[in-house]
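*Asks:* Take this sequence and fold it.
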Amino acid sequence: MHNATRARALGSHQVSAIGLGAMPMSVAGHMPDEAQSIRTILAALDAGITLIDTADAYAPSHRDVGHNERLVARALSLWGGDASTVVVATKGGHTRKPGGWDVDGSPSYLKEACDRSLKALGVDSIGLYQHHRPDPGVPYEETMGALKDLHDAGKIQMAGISNANPEQIRLAHDILGDRLVSVQNEYSPRFRSSEPEIDVCAELGLAFLPWSPLGGISRHGELGARGDAFTEIAGAHGVSRQQVCLAWELARSPVVIPIPGASRPETILDSIGAATLELSEEELARLG
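*Replies:* Numbers count the residues shown, from 1 in each chain. Model prediction:
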């Protein structure tokens, strides 16, 4: 069994323990050419990854909303495997404007955004559709009602939320019930503030998808003494610090499914190794 095929629950689906975060392939100033991005996605799929995370807002600018979604769709169309086994998770509600980023959690906007994502992905129903970021100008229950409507209309198969606090997770669960399967918040060795959200997800049986799961690993100074521990444990196992980081997150809870970003095949293939990297209790204690 390949590393990435170790499964974790996403609603009633079983997906790879490590997902692919496709955002770096569409970030202005750093994005690779399309051919390299396609190779990266295909390498992940061939290695057994069955969860790809994207969003309509992942684009070089406001003029190219949906760029990342179209890239993912293109790669899936070229893949020789069974695309029906892959869950593509996209997001709406975090908007791109000429002056930067904004939010729009109104039901009308979210439904329009979902329709655009359906077109960009070239599908009739989105595997996992997530509300990207709370809008302080719109009651959260109204936004969740839009997700419920999209699910009941068959436009999405599963619903998720992102950048949500424990109270919002519980409210979303009350409104969406079994339609809600996941929460996507920032979590990494550098950013551990989402510990309470992980615990709520474990209680409610929701998957927790950490975004930016490798935060701080490349910048040793940000982690202090913990940085030394990640380095030493990686050396003892003969693996990268990135693998140790992802294995630490997987050990945090069985609901955690990291989605490391990648723009090169080598990067995602290295990350996949974390799925079978077993850390001892002593090592986990050292990592904190």
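*Asks:* Please make it C-alpha for all contacts and neighbour counts, starting now.
*Replies:* Noted.
*Asks:* so where's the longest helix in this structure?
*Replies:* Longest helix in the chain by number of residues (criterion: DSSP state H): helix 107-121.
*Asks:* Could you check it and say which residues are buried?
*Replies:* 107, 109-111, 113-118, 120-121 (16 or more other Cα atoms under 10 Å).
*Asks:* Mind picking the two most distant members of these?
*Replies:* Spanning the widest gap among the buried residues of helix 107-121 are Pro107 and Leu121, at 20.9 Å by Cα to Cα.
*Asks:* Report the spatially nearest residue to Lys148, omitting neighbours in sequence.
*Replies:* Residue nearest to Lys148 in three dimensions, not counting chain neighbours: Leu176, with 6.0 Å by Cα to Cα, 6 or more residues apart in numbering.
*Asks:* what's around the nearest residue to Glu186 once chain neighbours are set aside, how many residues?
*Replies:* Among residues not flanking Glu186 along the chain, Trp211 sits closest, at 4.7 Å (Cα to Cα, 6+ apart). Number of residues near Trp211 (other Cα atoms under 10 Å) recorded here: 21.
*Asks:* Contact partners for Trp211?
*Replies:* 21, 184-187, 258-260 (Cα atoms under 8 Å, 6 or more residues apart in numbering).
*Asks:* measure Gly235 to Leu10 for me?
*Replies:* Gly235 sits 33 Å away from Leu10, going by Cα to Cα, to the nearest Å.
*Asks:* Give me the more crowded residue out of those two.
*Replies:* Between Gly235 and Leu10, Leu10 has the larger neighbour count (other Cα under 10 Å), namely 24 against 13.
*Asks:* where's the more buried one relative to Gly261, distance?
*Replies:* 19 Å.
*Asks:* Partner strands of the helix or strand Arg8 falls within, with direction?
*Replies:* Using DSSP states H and E, Arg8 falls within strand 7-10. Strand 7-10 has the following sheet partners, assigned by DSSP bridges: strand 13-16 (antiparallel).
*Asks:* what's in contact with the partner strand?
*Replies:* Identification of contacts with strand 13-16 by Cα under 8 Å, 6+ apart yields 4-9, 48-51, 86-87.
*Asks:* Okay, helices next: where are they in the stretch 51-200 of the chain?
*Replies:* Ranges of helices within the stretch 51-200 of the chain are 67-78, 107-121, 140-152, 166-176, 195-204, based on DSSP state H, counting those that start in this stretch.
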